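K.L.:
Okay, sequence plus prediction incoming.
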Amino acid sequence: MAEALTFSLREIVSELGGEAVGESAQRLTGVATIESAGPTQLAFLANLKYRAQLERTRAGAVILGPDERDATPLPRIVTPNPYAYYARAVALFNPPPPVKAGRHPTAQVDPEAIVAASAEIGPYAVVGHGARIGERTSIGATCVIGANVRIGDDTRLYPRVTIYNDCTIGDRTILHSGVVIGADGFGMAPDQGRWVKIPQVGAVRIGDDVEVGANTTIDRGALDDTVIEDGCKLDNQIQIGHNCVVGEHTVIAGCVGIAGSARIGKRCRIGGAAGISGHLEICDNVTISAMTLVTKSIKKPGVYTSALPMMPHDEWLRWAVHARRDAKGEKS
Amino acid sequence: MAEALTFSLREIVSELGGEAVGESAQRLTGVATIESAGPTQLAFLANLKYRAQLERTRAGAVILGPDERDATPLPRIVTPNPYAYYARAVALFNPPPPVKAGRHPTAQVDPEAIVAASAEIGPYAVVGHGARIGERTSIGATCVIGANVRIGDDTRLYPRVTIYNDCTIGDRTILHSGVVIGADGFGMAPDQGRWVKIPQVGAVRIGDDVEVGANTTIDRGALDDTVIEDGCKLDNQIQIGHNCVVGEHTVIAGCVGIAGSARIGKRCRIGGAAGISGHLEICDNVTISAMTLVTKSIKKPGVYTSALPMMPHDEWLRWAVHARRDAKGEKS
Amino acid sequence: MAEALTFSLREIVSELGGEAVGESAQRLTGVATIESAGPTQLAFLANLKYRAQLERTRAGAVILGPDERDATPLPRIVTPNPYAYYARAVALFNPPPPVKAGRHPTAQVDPEAIVAASAEIGPYAVVGHGARIGERTSIGATCVIGANVRIGDDTRLYPRVTIYNDCTIGDRTILHSGVVIGADGFGMAPDQGRWVKIPQVGAVRIGDDVEVGANTTIDRGALDDTVIEDGCKLDNQIQIGHNCVVGEHTVIAGCVGIAGSARIGKRCRIGGAAGISGHLEICDNVTISAMTLVTKSIKKPGVYTSALPMMPHDEWLRWAVHARRDAKGEKS
């Protein structure tokens, strides 16, 4: 493992901003939660519900907000957004492994592909005809990049990502292992008791600063493209159907399924395992609760929910009797 | 990219049938939606709700049904099933990339495997002992085909598909990237507070003309086989448990989970993210709504549903109070 | 295919214990269900609901419990746990393919990795710097093992598994194809309308005797580790968020999603497609029904449920009217 990085409080503030309060000769070795931090670690207080822990923490220093400035004698960094500061501090102590420019000798790069000299192509990766790979972009081991795919700069594909032909990925985007971009959308026409496949000839366009979690799938469009705008963050095991548009800075938690041609607004938050039906529109700034099924367009920002509360099974049985009675139109 | 194909209206009709109405010297370059089609594109009117757009469309020609025959002066193709015709027209303009007969030099094909000379084995693919790959079948890059697997003719495995030993795939079937066929079913016996694994010694049999979407998993049977019959279409991120049987021409939308030993009839339509419990039977021609949980056998064709309607969160909170009251057996 | 193994009743009992009752010269060739077993096959009666089939079965011999000892004249094995005995009998007839010690010539093993001489590294597998692979462990084709990963003895990775750097896998553990261990957890901080990524610097620790199904993903921790304890069995397509802890011998069915920092107790059973919210605790011995959403901690063992019963669609429409009325606070 690489030598661990250390920083003094002043060095952190000079890199990341904020105000250092209190003296400290202690060099810090990393970031930890306020409960578990030791004397060489930097803790953070992002949620006031943990404020009481400020008295008990063994941390060497603490990141906190202006209102907590005087709540501890510990060396501290004061910043308006301690949680975002924590994110940046973790990145400071744990820089991503550097991209190693060059192609592994086993990589199969089509002679008609254009790969930046500063890009890294891992072992057993396959890069197709006419593909373009940008500066300092890393393509992990065994990734398969289809013909005419374009990938921007400073983007990272972890091992075992597939991108079908003609799709586009922006700059500073992260695709985790198992991701499949651009497989055929689920389109077919009924014809005399059988299904005729509708060839999917659109592509997928993914913007800048997007992250896509492990084993998530984003299908190519039928005629037009499927679009994931800048700054979207998608968790693992998500399915996005053909011709969806996901607006910028929207976050989608794990296991969500979005059917074809849905349009999701900007800055939405979609809870885990939610389902969104096809051909509907969700406006900007909507929050969908976990496991909620959205079957109609949403035109007003706010929080929407449809999950039944969990109950002990015997209570649930009683509830189900009522539900069935309502369904049958019987008097209760 | 390949030279784009162009067709005249007459050429299309001579390939795909239907009646060409109206003269046109215009060569068509592709298919588009009725809203977006330009003067060299063929549009289609499959849903009468878009009929008004027929007046505004800039399309060079339109596919429509017999009742709309005279609804436009545009050059047109009249056919009883415009949507299926659209599917075939897209295929005409966008033929799949041809299969390149032969094995990539990096493919690892067991000497005891039998691979048709017309089949294509991509880079870094692995084909096991005793496997058979049919005529004009394409095995994508980094696919892993287990021992004694049989794959029919004209089948396409996109990159990064795994097929465990002894499974069978039919003709003209498509498996998308990330698909796993024949992993162990989830079988174990409780024994003194621990779980004893039940080896899964059945296989998976997939018929002809099946499509399986990206990252879908179909488990092998415990003793007998798991079976996907001819003509089934499965979307992405689906899980099919051991010993399930899915009847022919059934379609299953994304994120559906089907537990072990369920038997799904023919021509069913299973909505996205639905769940089907194990050891039950669903008869032919059943439609299951999105996110519905099926816990009992269904013996009558029809539509079945169990999702709670989505509500603004404050209404949902009020609803949940009622639900809990019913569950506790309290008066409302 | 290998020569099939055969056993006499006495030989089975001498390997697996139990009492052989009734004489038989017949050598048995395998295990089958009581309905389908033929005269050279061993059937089992694990569920008394199938007791009537004992009279009709054509099986050569039967595994059954002490109470059924005299319920058939067939040669039989009497054991207190026929289902677990069945599991072991299947394993006896179907031993897993032996691990072939050695590295495939195409495997890319970092010179600083430590791989046991008895381990098998498949074609196109990649093993990173500082990784350790234990005795008799098998790494399937195209697996990618990150830097400093530790994998114990007698563990089997099927083809196409990714393990990110610094994760740990125990002994006798099975990871199926498509599994991704240690991808980044879903952590980001809002900052001026954008999301700042929180680097995920914890790892994943998986214990001994664990099984993880195809395409399941287990994310690495943000600061501390995500932990799957000994004896857990996870089905396919499961998502486990960062910093979760799953207690020993817990089983999780397919398509379950568990959000970050949830703590699941020991010997729990989580039904298919259930969802578990983040930052909550479920005590030992809890059963969660299929498709149930757990939004609060559970402190008492038992069965918990939240799914709406499935209904014919027209009944559901009537039910939905009631639900909406309750939600609006209207009188019914």
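P.N.:
Right, received. Where do you want to start?
K.L.:
which stretches of chain A aren't confidently modelled?
P.N.:
Applying pLDDT under 70 to chain A flags the ranges A:1-3, A:331-332.
K.L.:
which helix is the longest one in it?
P.N.:
Longest helix of chain A, by residue count under DSSP state H: helix A:313-328.
K.L.:
Pick out the residue of the stretch 1-150 of chain A closest to chain B.
P.N.:
residue A:144 (4.0 Å; Cβ to the nearest Cβ). C-beta here means a position set from N, CA and C on the backbone, and glycine is covered the same way.
K.L.:
Look at the residue nearest to residue A:33 when sequence neighbours are not counted and say how many residues are nearby.
P.N.:
Nearest in space to residue A:33, with sequence neighbours left out and distances taken as Cβ to Cβ, 6 or more residues apart in numbering or on different chains, is residue C:223 at 5.9 Å. When neighbours are counted by other Cβ atoms under 10 Å in any protein chain shown, residue C:223 registers 22.
K.L.:
and if you look at residue A:301?
P.N.:
By the criterion of other Cβ under 10 Å, residue A:301 has 14 neighbours.
K.L.:
so what's the nearest residue to it once chain neighbours are set aside up against?
P.N.:
Nearest non-adjacent residue to residue A:301, counting by Cβ to Cβ, 6+ apart: residue A:285, 3.9 Å away. Taking Cβ atoms under 8 Å, 6 or more residues apart in numbering or on different chains as the criterion, residue A:285 is in contact with A:265, A:266, A:267, A:268, A:301.
K.L.:
Try it again at 7 Å.
P.N.:
A:265, A:267, A:268, A:301 (Cβ atoms under 7 Å, 6 or more residues apart in numbering or on different chains).
K.L.:
Likewise for residue A:306?
P.N.:
A:292, A:293, B:307, B:308, B:309, B:310, B:311, B:316.
K.L.:
now swap in residue A:146 and tell me
P.N.:
Residue A:146 makes contacts with A:128, A:163, A:164, A:165, as judged by Cβ under 7 Å, 6+ apart.
K.L.:
please redo it, this time with the cut-off set to 10 Å
P.N.:
A:126-131, A:162-167, A:181-182, A:203, B:97, B:140-141, B:158-159, B:177 (Cβ atoms under 10 Å, 6 or more residues apart in numbering or on different chains).
K.L.:
Then residue A:138?
P.N.:
So residue A:138 contacts A:96-101, A:119-122, A:125, A:154-158, A:174 (Cβ under 10 Å, 6+ apart).
K.L.:
how far away is it from residue A:231?
P.N.:
20 Å (Cβ to Cβ, to the nearest Å).
K.L.:
returning to that earlier point: the nearest residue to the residue of the stretch 1-150 of chain A closest to chain B once chain neighbours are set aside: how many residues sit nearby?
P.N.:
Closest residue to residue A:144 apart from its sequence neighbours, by Cβ to Cβ, 6+ apart: residue B:159 at 4.0 Å. Counted with other Cβ under 10 Å, the neighbours of residue B:159 add up to 28.
K.L.:
and if you look at residue A:292?
P.N.:
28.
K.L.:
about what we covered before: with secondary structure and distance to chain C as extra columns, can I get the contacts of residue A:306 in CSV?
P.N.:
Compiled in CSV, the contacts of residue A:306 are given as follows (DSSP: H, G, I helix; E, B strand; the rest coil; distance: Cβ to the nearest Cβ, whole Å):
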residue, secondary structure, distance to chain C
A:292, coil, 9
A:293, strand, 11
B:307, coil, 7
B:308, coil, 6
B:309, coil, 5
B:310, coil, 10
B:311, strand, 5
B:316, helix, 6
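K.L.:
which two from the residues you listed end up farthest apart in space?
P.N.:
Farthest apart among these by Cβ to Cβ are B:307 and B:316. That separation is 13.2 Å.
K.L.:
circling back to that earlier point, filter the contacts of residue A:146 down to just the buried residues.
P.N.:
Burial by neighbour count, 16 or more other Cβ atoms under 10 Å in any protein chain shown: within the contacts of residue A:146 this picks out A:126-128, A:130-131, A:162-167, A:181-182, A:203, B:140-141, B:158-159, B:177.
K.L.:
Which of the residues you listed fall within strands?
P.N.:
Among the buried ones among the contacts of residue A:146, the residues falling in strands (DSSP state E) are A:126, A:127, A:162, A:163, A:181.
K.L.:
got the contact list for the second one?
P.N.:
When contacts are counted by Cβ under 10 Å, 6+ apart, residue A:127 is found next to A:103, A:107-110, A:112-115, A:119, A:121, A:133, A:139, A:143-147, A:149, A:151, A:163.
K.L.:
all helices for chain A, in order.
P.N.:
A:9-16, A:53-56, A:82-93, A:313-328.
K.L.:
now the angle between helix C:313-328 and the longest helix of chain A, please.
P.N.:
110 degrees (axes from the mean of the first three to the mean of the last three Cα atoms, to 10 degrees).
K.L.:
Does chain B have contacts with helix A:313-328?
P.N.:
Yes. Judged by Cβ under 10 Å from any Cβ of the partner chain, helix A:313-328 and chain B are in contact via A:314, A:315, A:316, A:317, A:318, A:319, A:320, A:321, A:322, A:323, A:325, A:326.
K.L.:
Look up how far residue C:287 lies from the fourth one.
P.N.:
What it means is residue A:317. From residue A:317 to residue C:287 the distance is 14 Å (Cβ to Cβ).
K.L.:
same check, this time on residue A:45
P.N.:
38 Å.
K.L.:
cool, residue A:177 as well?
P.N.:
In terms of Cβ to Cβ, residue A:177 sits 32 Å off from residue C:287.
K.L.:
Repeat that for residue A:255.
P.N.:
For residue A:255, the distance to residue C:287 - Cβ to Cβ - is 21 Å.
K.L.:
out of those two, which sits in the more crowded spot?
P.N.:
residue A:255 (32 against 17).
K.L.:
how many neighbours does the nearest residue to residue A:7 once chain neighbours are set aside have?
P.N.:
Nearest residue to residue A:7, sequence neighbours excluded (Cβ to Cβ, 6+ apart): residue A:28, at 5.5 Å. When neighbours are counted by other Cβ under 10 Å, residue A:28 registers 25.
K.L.:
go on, residue A:38?
P.N.:
For residue A:38, the count of nearby residues is 13 (other Cβ under 10 Å).
K.L.:
can you check residue A:282 too?
P.N.:
With other Cβ under 10 Å as criterion, residue A:282 counts 25.
K.L.:
same thing with residue A:6?
P.N.:
There are 13 residues near residue A:6, going by other Cβ under 10 Å.
K.L.:
Which residue is the nearest non-sequential neighbour of it?
P.N.:
Residue A:6's closest residue in space is residue A:27 (Cβ to Cβ, 6+ apart), at 4.2 Å.
K.L.:
Now do the same contact list for residue A:311.
P.N.:
A:317-320, B:323-324, B:326-328, C:289, C:292, C:303-306.
K.L.:
are any of the residues you listed buried, and which?
P.N.:
For the contacts of residue A:311, buried by 16+ other Cβ under 10 Å: A:319, A:320, B:323, B:326, B:327, C:289, C:292, C:303, C:304, C:305, C:306.
K.L.:
For chain A, see how far away the third one is.
P.N.:
Using Cβ to the nearest Cβ, to the nearest Å, residue B:323 is found at 6 Å from chain A.
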